[in-house]
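# For reference, the sequence and a predicted model appear below.
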Amino acid sequence: MGIGELDREAHVPEVTSAGAAPRTLAEALRARGDEGLAALLRARPDLLSPVPNDLTQLATRAGTRGSVVRALERLDRFALQTAEALAVAPDPAPYPVLLALLTGDEGDPEIEAALPGAVALLREQALVWGEDDRLRLVRTARELLAPSPQHPSPTGLGPTVAEATAGMSPGRVQEIIATAGLAATHDPVSAVAALTELFTDRARMGALLDGASPEALSVLDRLVWGPPYGEVTANPAPPVRWLRDRGLLLPVSARTMVLPREVALHLRGGRAHRTPEPVAPVVEAARDYRPQVVDSAAAGQAYATLATVEELLKSWDQGGPQVLRAGGMSVRDLKRTAAALDVTEQVAAFWLELCFGAGLLASDGEADERYAPTPAYDDWLDLPPAERWARLVAPWLVATRTAGLVGGQDAKGRTLAALGPDLDRAPAPEVRHRVLELLATLPPGAAADPETVFARLRWERPPRGAAQPAPPRAPQAAAGADEAPAPEVHGDLRSRLARWTLAEAELLGLTGRGALAAHARALLNLPLAEAATPTDHGGRVELSVAAGRAATLLAPLLPEAVDHVLLQADLTAVAPGPLRRPLADALAVLADVESKGGATVYRFTPGSVRRALDAGRSASDLHDFLAAHSRTPVPQPLAYLIDDVARRHGHLRIGAASAYVRCDDDAVLGEILADRRSAALGLRRLAPTVLAAQADPASLLEGLRAMGYAPAAESAEGDVLVTRADAYRTPARTAPVPVPDGPPAPDTTLLGAAVKAIRAGDRAATAVRKEPAAPVASAGGLPRTSAAETLATVQAAAMTGSAVWIGYVNAEGTASQRVIAPVRVEGGFVTGYDHTADEVRTYPLHRITGVAELADDQV
């Protein structure tokens, strides 16, 4: 549709008189109150970018293809079905005709009750306008929803008789009406009207079909619910010929026939849709639990979330995997991470994206770019457990990055990598929030049936193409074949987002055993963006407030941190609960985690003890630490292990030559040289107590440790280098910003200002002007007067206090028309109240193209 057609639909030459039916969409908008305009702009925020100059421009913009498509995509299923029914109804359509298309001959109380709300919604969003006796679907929406060979209607209906016979010869039309038992007419228009009247007369149409064979009726049955097109051979079978000769099937091309819309509606009993859905599906409970059980299960998983995040980021303390050239992690590194966390790759991708979205993980930006924890991770570790959980969950709820896409492919067939680009999906925050809201509609402790949740979401936002009929089938072939069910659409993005949301909510501890926990209900006041709508709990709630409330509810359910362990004789230590931060950090260096669960088991090994010694601890420090934090005596095997490793630790010293090994015992160096495993290190003796190596110090250190030695690195001054576990962090990074789903919804202040500006601009555009004695109009409809006439007119208006209509060109060359009430004219400027901008402004006289007085009834 061209711009000119949009202008014709939206243009208003004059203001509609009071009580008159609107003739255009712009007139319908003009008849609305401010609240009605605000509701339209709130529902369709794209209309505000930028703010329209007047209501005519607003109506034009509301009819553009992009805006209409976006509005249709946000309709629920019944509102969309109502719009689809209007698209196949006469234009304009009375309300009873629309109701009949949705209820059919038998009627339906639920549809009758729901239809007024659906029509009101379509009117509010400027997709439908006009009174109930003349309902009109905006032209762009009709073009999108009306049936055509290229774009079948979601209703499955075909073209009308008039549309299908538009290219047919008059003689052929007369043959059809004669075969159908109608009298001949003098012109094809009346012949088509007679055929249409026959097909819409239930009694006469029933009598005509009584003469059809079972095979012919079977062909109609195959086409009645769509698609209405079918291929035929050059010599159709008798049932198809019988239908064709009577106009029950009309030719589209030499090999394609179509079922006219009027015939299909008769066979359907007057219904445009096979299954109208006026009522939203109800979310049902699959199982009930005690609320305390749900909250405890969710709290346990919330604690597991904190432990998993700490384990993941602690393993990357010295630098994580490299960043791919195209961004993200490699598949091999993702598998390695999944194995370390003992989870699937998809779950590992979720934990990575969770950390990334919370700002705890980022790339370091170096030449050899790697992932590593950010400084925000250290601040996060210092928070209480419940607040740490809230800092993870709140960003997840509003994030557009979608971990479930990892491992899939983009539009170009490239694999989507964890932490990589192209993982943003704008509907994700809305779907997450809506899924939690649906879970909250059930009583506390009730676990929802996931399929009912998905069904509800599909009703609220029908997936694209879900209502499309199956691909065309030839009528002749269909007459003798079993009907295959139409393919069901389950892979749409919103359904996948909902499935991922349920799984991720369980992992995060928002749900327990499938039911929403009490602390998760506190997050339902969380706004998705600045566009969040007020709730029943007192309006928009700030993210930090909602997260703090959820953390307050969760805190009593989390296990208390303990300050002790239980040392055992098998070189293990059992932590009977979560350890306090200093103890946990120190023990993570001194021992390795062997198993996790309700109690964590740590194991002491020579390597872990050496790690503690490398961190600057002495043997006596380790003995004192264990004795202070163990509720059991320090076992003798553990004391021997610490003393033995400490005795050998630092006996060998490694520095940079390229690298060297230094030891006071030349026998140990001789033993190393004699060991064939040292060949790769390229060692040679420089002095009785010094070996030089071709390997770098780090490789030499690891090589000798692999051979069973306990070397220590030393500085250029000969001092032992102390290594810290938390030595590496990225520079300060901000968390990724969510990608919005279209323009943000305006707040109340912006809506009020926009409506006020549009009203003022519309008053200026529709004001009635006096005709000058010798009118001269400029291009674009602006008035054109001489400088002397302009000055005289505005001076007179300033003296009388009247308003005038001016044309104005600003410094950028943009022309506009305005209604002003001049109050002062001096120094080449006119100052007055601008009705268009609703404020006092000053305009240079040389930029005013012309001026005209308003009609007396407009002053």
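Received, thanks.

# who's the residue nearest to P783 when sequence neighbours are not counted bridged to?
Sequence neighbours aside, G850 is the residue nearest to P783 in space, at 3.3 Å (criterion: C-beta to C-beta, 6 or more residues apart in numbering). For every residue, glycine as well, the C-beta is placed using N, CA and C. Residues found in beta-bridge contact with G850 (criterion: DSSP bridges) are G807.

# what's around G850, how many residues?
Applying other C-beta atoms under 10 Å, we find 23 residues neighbouring G850.

# I'd guessed it sits against A787; true?
No - in this structure G850 lies outside contact range of A787 using C-beta atoms under 8 Å: 9.9 Å.

# Where does pLDDT dip in the stretch 751-859 of the chain?
Counting by pLDDT under 70, the stretch 751-859 of the chain contains low-confidence residues at 767-781, 855-859.

# hmm, 50 instead?
Counting by pLDDT under 50, the stretch 751-859 of the chain shows low-confidence ranges at 774-780, 857, 859.

# and if you look at the stretch 1-150 of the chain?
1-8, 10-18.

# can you rerun that using 80?
In the predicted model of the stretch 1-150 of the chain, residues 1-20, 149-150 satisfy pLDDT under 80.

# residues contacting R261?
For R261, the residues meeting the contact criterion (C-beta atoms under 8 Å, 6 or more residues apart in numbering) are 88, 147, 157-161, 228.

# Using the three-state scheme, assign S816.
Of the three states, S816 takes strand under DSSP: H, G, I helix; E, B strand; the rest coil.

# Report the separation between the closest residue to it other than its chain neighbours and H623.
Once its chain neighbours are removed from consideration, S816 has its nearest residue in Y808; the separation is 5.6 Å (C-beta to C-beta, 6+ apart). Going from Y808 to H623 by C-beta to C-beta, to the nearest Å gives 87 Å.

# try V224
Taking C-beta to C-beta as the measure, V224 falls 88 Å from H623.

# ditto for Q81
77 Å.

# Equivalent analysis for A692, please.
Look at A692 and H623: by C-beta to C-beta, they are 37 Å apart.

# And the helices in the stretch 51-200 of the chain, which stretches?
55-62, 65-73, 77-87, 95-103, 109-124, 139-145, 161-164, 170-179, 188-200 (DSSP state H, counting those that start in this stretch).

# Next, count neighbours for M205.
Neighbours of M205 under the rule other C-beta under 10 Å: 18.

# Name the nearest residue to it, sequence neighbours excluded.
Nearest one to M205, counting by C-beta to C-beta, 6+ apart, is H266 at 5.0 Å.

# Which pLDDT value belongs to the one you found?
At H266, the pLDDT value in this model is 93.

# just checking, it is part of a helix?
Yes - the assignment for H266 by three-state DSSP puts it in a helix.

# I'd say it and L198 touch.
No - contact between H266 and L198 fails when scored by C-beta under 8 Å: they sit 10.1 Å apart.

# what do these two both touch?
By C-beta under 8 Å, 6+ apart, H266 and L198 have these common neighbours: M205.

# V830 in helix, strand or coil?
When the structure is reduced to helix, strand and coil (three-state DSSP), V830 reads as strand.

# gap between it and L845?
Using C-beta to C-beta, V830 is found at 6 Å from L845.

# One more: A498?
Look at A498 and L845: by C-beta to C-beta, they are 62 Å apart.

# sorry, back to before: which one's more surrounded, Q81 and H623?
Comparing Q81 with H623 by other C-beta under 10 Å, the one with more neighbours is Q81, at 26 against 16.

# In contact with that one, which residues?
Contact analysis of Q81 by C-beta under 8 Å, 6+ apart lists 102, 154, 272-273, 276-277, 467.

# closest to G181 among those?
In terms of C-beta to C-beta, no member of those lies closer to G181 than A272, at 27.8 Å.

# correct me, but the closest one touches V88?
Yes - using C-beta under 8 Å, A272 is in contact with V88, at 5.8 Å.

# which residues are in contact with both of these two?
Residues within reach of A272 and of V88 at once, by C-beta under 8 Å, 6+ apart, are 101, 155, 157.

# and which of the residues you listed is nearest V435?
The shortest approach to V435 among those belongs to T155, at 30.0 Å (C-beta to C-beta).

# give me the element G413 is part of.
Element membership for G413 (DSSP states H and E) is empty, with no helix or strand holding it.

# residues near it, how many?
Other residues within reach of G413, judged by other C-beta under 10 Å, total 6.

# So it versus L383, what's the distance?
43 Å.

# which residues touch N810?
When contacts are counted by C-beta under 8 Å, 6+ apart, N810 touches 816, 847.

# Which one's more surrounded, A498 and L845?
When A498 and L845 are compared on other C-beta under 10 Å, the one with more neighbours turns out to be A498, at 22 against 16.

# Using ChimeraX, define a selection of the buried residues within the shared contacts of A272 and V88.
Listed next is the ChimeraX selection for buried residues among the shared contacts of A272 and V88, using 16 or more other C-beta atoms under 10 Å:
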select :101,155,157
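
# Determine the longest helix present in this structure.
When every helix of the chain is counted residue by residue (DSSP state H), the longest turns out to be helix 291-315.

# Buried residues, the helix or strand that comes right after it. List them.
Moving toward the C-terminus from helix 291-315, the first helix or strand encountered (DSSP H and E) is helix 331-341. Taking 16+ other C-beta under 10 Å as the basis for neighbour counts, the residues of helix 331-341 that come out buried are 333-334, 337-338, 341.

# Distance to D741 and pLDDT added to those, as TSV?
TSV is the format used below for these (distance: C-beta to C-beta, whole Å; pLDDT from 0 to 100):
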residue	distance to D741	pLDDT
D333	31	94
L334	28	94
T337	30	94
A338	31	94
L341	32	91
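
# Let me know how buried the residue lying closest to R268 once chain neighbours are set aside is, in neighbour terms.
Computed as C-beta to C-beta, 6+ apart, the closest residue to R268 that is not its neighbour in sequence is V224, at 6.1 Å. A total of 18 residues lie near V224 under the criterion other C-beta under 10 Å.

# Surely V224 touches A264?
Yes - V224 is within contact range of A264, at 5.5 Å (criterion: C-beta under 8 Å).

# quick one: secondary structure of the residue lying closest to R603 once chain neighbours are set aside?
Of all residues beyond its chain neighbours, the one nearest R603 is E594 (4.4 Å), with distances taken as C-beta to C-beta, 6+ apart. At E594 the chain is in strand, as set by three-state DSSP.

# Tell me how far E594 lies from T572.
When distances are taken as C-beta to C-beta, E594 and T572 turn out to be 7 Å apart.

# Which residues does V720 form beta bridges with?
Taking DSSP bridges, one finds E714 as the beta-bridge partners of V720.

# OK, contacts around it?
Residues near V720 by C-beta under 8 Å, 6+ apart: 650, 653, 712-714.

# again with G328
Under the criterion of C-beta under 8 Å, 6+ apart, the contact list for G328 reads 416-421.

# returning to that earlier point: now, the contacts of Q81 that are in helices?
Within the contacts of Q81, membership in helices is found for L102, as judged by DSSP H.

# which one of the contacts of Q81 has the most neighbours?
The member of the contacts of Q81 surrounded by the most neighbours (other C-beta under 10 Å) is A272, with 28 neighbours in all.

# mind checking how far that one is from L265?
Look at A272 and L265: by C-beta to C-beta, they are 7 Å apart.

# Which neighbours do those two have in common?
A shared contact of A272 and L265, defined by C-beta under 8 Å, 6+ apart, is any residue touching both; here these are 101, 157.

# Need the nearest residue in space to L361, chain neighbours excluded.
C355 (4.0 Å).

# Now do the contacts for the one you found.
By C-beta under 8 Å, 6+ apart, the contact set of C355 is 309, 312-313, 361.
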